[in-house]
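Chemist: My questions concern the predicted model and sequence given below.
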Amino acid sequence: MSAARATVRTVLAATLVAGLTATALATPALAAPANHEDRKDHAATQQALNAAVADGVPGAVAQARDGRGRWTGTAGERHGDDRFRVGSITKTFTATVLLQLQAEGRIDLDDPVEKWLPGVVRGNGHDGSRITVRQLLNHTSGIYSYTSDPAFQARVFGPDFLEHRYDTWTPQQLVSVAMAHKPDFEPGTSWNYSNTNFVLAGMVIEKVTGRPYGKAVENRIIKPLKLRATTVPGTRSAMPEPSSPAYSKLSRDVNAPVHDVSALNPSIAGAAGEIISDSRDLQTFYRALLKGRLLTKQGLNEMTTTVPISPTVGYGLGLMKDELSCGVEVWGHGGGIHGSSSFAQATRDGEHSLAGNFNADWTGDTQKVVEAEFCGTAPKK
């Protein structure tokens, strides 16, 4: 895999499970049940879900909406209305709130982080007075990602997770992990995906509004759009129903056992990746966003102004643009957290959308589902 393609794959996953990599099969492939909703125009998408299960993903779900209506496909241990942890898809929600606050004149995204969080981004070369809020949202801040810290990975993503799965992490603690390391680069001079950026963005929202960032997400996005399956869980560890188990090996060892990791304290992710949702709600959110229902025209233009990270991929403000193999351009985000790999994309006009989830974090390629839906490309056998 080329370095550019590896970067793209990393961003498409947008995974918090930075210490884990796809390895090999963990459980026997499960037969996909017949899907009575299947239609010819989504046949390739269903094939991609089936292929993921054949490759060892316990369960997969995807839902699409286009001019012909709504279609839902499942394979293995997943149901069409399952809720799941969306991981870094949370970042688009967080960025949307900050753009709304800017439109109201309550913040300028070009404000230095130091203005809102004095003394927080400091140490080992980090300097919040030289980093803007905008640079947090488009990952050009250079701030080290706390999920790359070896000790954090061992405790949170390795076998120690089973002992620490219910630990609470404050945003300040997560940022402190990052501040113990040197920056990746000088602010504004390069691009690197950092979960610390969006933990800080959530802290900025709290400073501006006087309430936790999750309340702003609920009041400004979840309630107006009537996203009934979407929650910002905070420290609540249980998954709401309906849902299916989430599985992880918690190891790079191909022979490691599989664990049910459904229950966890999502404060390890916070504003960078804690939200729970389902395929229907994620599509409703991205369709509304891209159709201009949540942001002003200027705000949406800012969100969709991207930093190029490969010839075909650019990153905006908590939103990614990807030109697929067939030339179709989609906008959205991917997300990974323990036992969960999620995806949500839509065309720029918001008319054709897709969202779904694999309930495993060590195998499966969600990009194949995206290519299948928007390009009609079935996975190669």
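Modeler: Sure, I can see it.
Chemist: what bits of the stretch 201-350 of the chain have low per-residue confidence?
Modeler: Applying pLDDT under 70 to the stretch 201-350 of the chain flags no residue at all.
Chemist: all helices of it, in order?
Modeler: 213-217, 279-290, 297-303 (DSSP state H, counting those that start in this stretch).
Chemist: Name the residues that touch the one helix or strand V177 maps to?
Modeler: Secondary-structure element containing V177, defined by DSSP states H and E: helix 171-179. Outside helix 171-179, the residues that touch it by Cβ atoms under 8 Å, 6 or more residues apart in numbering are 120-124, 126, 143-146, 149, 152, 194-196, 199-200, 202-203, 268, 270-271. No exception for glycine: its C-beta is placed from N, CA and C like everyone else's.
Chemist: Now intersect these with the helices, please.
Modeler: F152, N195, T196, V199, L200, G202, M203 (DSSP state H).
Chemist: could you dump those to TSV with neighbour count and distance to I131?
Modeler: Below are the ones in helices among the contacts of helix 171-179 laid out as TSV (neighbours: other Cβ atoms under 10 Å; distance: Cβ to Cβ, whole Å):
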residue	neighbour count	distance to I131
F152	21	21
N195	29	15
T196	26	11
V199	30	14
L200	30	9
G202	26	16
M203	25	13
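Chemist: which one of the helices of the stretch 201-350 of the chain lies closest to R70?
Modeler: Within the helices of the stretch 201-350 of the chain, the stretch nearest R70 is helix 279-290; the backing value is 8.0 Å (Cβ to Cβ).
Chemist: picking up where we left off before, E241 is nearest to which of the helices of the stretch 201-350 of the chain?
Modeler: Each of those was scored for nearness to E241 using Cβ to Cβ, and the closest is helix 279-290 (15.0 Å).
Chemist: hmm, back to that, switch the helices of the stretch 201-350 of the chain over to CSV; also include distance to W362 and mean neighbour count.
Modeler: Conversion of the helices of the stretch 201-350 of the chain to CSV gives the following (distance: least, Cβ to Cβ, whole Å; neighbours: other Cβ atoms under 10 Å):
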stretch, distance to W362, mean neighbour count
helix 213-217, 29, 23
helix 279-290, 22, 25
helix 297-303, 32, 16
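Chemist: is it possible to export those helices to JSON lines including distance to L98?
Modeler: As requested, the helices of the stretch 201-350 of the chain are arranged in JSON lines below (distance: least, Cβ to Cβ, whole Å):
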{"stretch": "helix 213-217", "distance to L98": "9"}
{"stretch": "helix 279-290", "distance to L98": "13"}
{"stretch": "helix 297-303", "distance to L98": "10"}
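Chemist: Select, out of those, the one closest to P112.
Modeler: When those are ranked by proximity to P112, the top entry is helix 297-303, at 17.6 Å, counting by Cβ to Cβ.
Chemist: which other helices and strands contact that closest one?
Modeler: Identification of packing neighbours for helix 297-303 by 3 or more Cβ pairs under 8 Å, 6 or more residues apart in numbering; DSSP states H and E yields helix 90-103, helix 279-290.
Chemist: Dump these into a markdown table; add distance to K368 as well.
Modeler: As requested, the helices and strands packed on helix 297-303 are arranged in a markdown table below (distance: least, Cβ to Cβ, whole Å):
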| stretch | distance to K368 |
| --- | --- |
| helix 90-103 | 22 |
| helix 279-290 | 17 |
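Chemist: can you give me the strands in this protein?
Modeler: Taking DSSP state E as the criterion, the chain carries its strands at 59-66, 69-76, 83-85, 122-123, 126-127, 247-248, 259-260, 276-278, 307-308, 313-315, 320-323, 329-337, 340-347, 353-358.
Chemist: what about S353, how many neighbours?
Modeler: The burial count assigned to S353 is 27, neighbours taken as other Cβ atoms under 10 Å.
Chemist: likewise F185?
Modeler: 14.
Chemist: Quick one: residues contacting it.
Modeler: The contact partners of F185, taken as Cβ under 8 Å, 6+ apart, are G142, N192.
Chemist: quick one: it and G125, what's the gap?
Modeler: 10 Å (Cβ to Cβ, to the nearest Å).
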